[in-house]
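*Asks:* sequence plus the predicted model coming up.
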Amino acid sequence: MTAIADGYLCRAPQDANAYLAPIVANKVDPAPAAAFDNLYYVGGNFVGVWILKTPAGLVLIDAMWNDDDAIKVIEPGMRRLGLEPAEVKHVLITHGHVDHYGGARHFQSAYGAKIWASAADWDVIVADPHPMAKGVSPPMRDQVAADGAMLEIGGETIRFVTTPGHTPGTLSLILTAKNGGKPIALTLWGGTAMPENSAGVRQMHASLLKLWQAGEAAGAEGEISTHAFVDDGFGRFERKAGAAANPFALGRDGYARAMGIHSECILAQAARYEAQGK
């Protein structure tokens, strides 16, 4: 857990930006890899995509920046893992920033994939002011992921948990992967970068507690992020090679420790802003 506590989320803003700079600058994408029997990561060092394989098709969680990423990064990475892009049935957008929705339109138009976002963040997608969003065709407004609703596909169930803070309708998830053939419940926190004022950070903390509690109720034993540097995702992949136990499988106590670290780091940032009168 030290890598999480020493990482991006737990640093003051100026230190967090310095920590993030070499990650953004590194253009050598990590190798596509399986965290579990049926759950895979494809993408870059800054942002990527999780892919859940089911008997009825594939579910993508996020879609990176644009069509180029979809065609030149996500699809080749999928094929390296033995996954066929035409089998993508759903794309779940965690929030309405272009680094998460930019490639979704490709999967929608090329393969007829259904695109999911919260109602609030469909509006964010349309109005995204990020300079990198210029020239990107967002997905056509499609499925609305309501808080507490379920997506069922191929015998798998993904639960939607709205967690406002990073954006008004950030979407987090509770899903089940297979670890050595055994089911393991996981949470995916949909938006990790903190707002720049104490009220927003406090809202984000309340949302984290909501996800944490929902995860514990589901028996969660792990957590993931499409910004894998936030929660030591890349370190876990490195340790997974040749390991006797899967480092993504934290156990219930390990899950609680990881979420507790996230919680304390968010509270620390709220206190910094409140001391500054923000």
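*Replies:* On my side now, so go ahead. Quantities reported herein were computed from a predicted structural model and do not represent experimental measurements.
*Asks:* going forward, measure contacts and count neighbours with C-alpha atoms only.
*Replies:* Noted.
*Asks:* list the backbone torsions phi and psi for residue 133.
*Replies:* With angles defined as degrees, to the nearest 10, residue 133 sits at phi -80, psi -20.
*Asks:* ok, it touching residue 101?
*Replies:* No. Assessed by C-alpha atoms under 8 Å, residue 133 is found out of contact with residue 101, at 9.7 Å.
*Asks:* can you give me the distance of the closest residue to residue 108 other than its chain neighbours to residue 145?
*Replies:* Distance criterion C-alpha to C-alpha, 6 or more residues apart in numbering; nearest residue to residue 108, sequence neighbours excluded, is residue 114 at 6.4 Å. To residue 145, residue 114 is 11 Å away according to C-alpha to C-alpha, to the nearest Å.
*Asks:* can you give me the neighbour number for residue 121?
*Replies:* Using other C-alpha atoms under 10 Å, residue 121 has 25 neighbouring residues.
*Asks:* element containing it, please.
*Replies:* Per DSSP states H and E, residue 121 falls inside helix 119-127.
*Asks:* that older thread, of residue 114 and residue 145, who's got more company?
*Replies:* More crowded of residue 114 and residue 145, by other C-alpha under 10 Å: residue 145, with 26 against 21.
*Asks:* quick check: phi and psi at that one.
*Replies:* phi -90, psi 100.
*Asks:* quick check: buried residues in stretch 189-206?
*Replies:* 189-195, 197-198, 200-206 (16 or more other C-alpha atoms under 10 Å).
*Asks:* I should have written stretch 115-129 there, sorry.
*Replies:* 115-122, 124-126, 128.
*Asks:* mind naming the longest helix for the chain?
*Replies:* helix 251-275 (DSSP state H).
*Asks:* contacts for stretch 210-229?
*Replies:* For stretch 210-229, contacts defined as C-alpha atoms under 8 Å, 6 or more residues apart in numbering pick out 7-8, 45-50, 61-62, 161, 163, 172, 174, 184-190, 231, 233-234, 248-256, 259.
*Asks:* list buried residues within those.
*Replies:* 7-8, 45-50, 61-62, 161, 163, 172, 174, 184-190, 231, 233-234, 248-252, 254-256, 259.
*Asks:* give me the buried positions along stretch 224-240.
*Replies:* Quick answer for stretch 224-240 (16+ other C-alpha under 10 Å): 224-234, 236-237, 240.
*Asks:* report the distance from it to the chain centre.
*Replies:* When distances are taken as C-alpha atoms, centre = their mean, to the nearest Å, stretch 224-240 is centred 11 Å away from the chain's centroid.
*Asks:* what's the answer for stretch 167-174, then?
*Replies:* 9 Å.
*Asks:* and that stretch, end to end?
*Replies:* End-to-end distance (C-alpha to C-alpha), stretch 167-174: 19 Å.
*Asks:* coming back round to it: taking the contacts of stretch 210-229 one by one, which sit in helices?
*Replies:* Short answer: the contacts of stretch 210-229 in helices (DSSP H) are 233-234, 251-256, 259.
*Asks:* in CSV: these, plus pLDDT.
*Replies:* CSV is the format used below for these (pLDDT from 0 to 100):
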residue, pLDDT
233, 96
234, 96
251, 98
252, 98
253, 98
254, 97
255, 98
256, 98
259, 97
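*Asks:* before we move on, the earlier item: what would the buried residues of stretch 115-129 look like in a markdown table with distance to residue 13 and pLDDT?
*Replies:* Formatted as a markdown table, the buried residues of stretch 115-129 follow (distance: C-alpha to C-alpha, whole Å; pLDDT from 0 to 100):
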| residue | distance to residue 13 | pLDDT |
| --- | --- | --- |
| 115 | 33 | 98 |
| 116 | 31 | 98 |
| 117 | 28 | 98 |
| 118 | 28 | 98 |
| 119 | 30 | 98 |
| 120 | 26 | 98 |
| 121 | 25 | 98 |
| 122 | 28 | 98 |
| 124 | 24 | 96 |
| 125 | 25 | 96 |
| 126 | 28 | 90 |
| 128 | 23 | 88 |
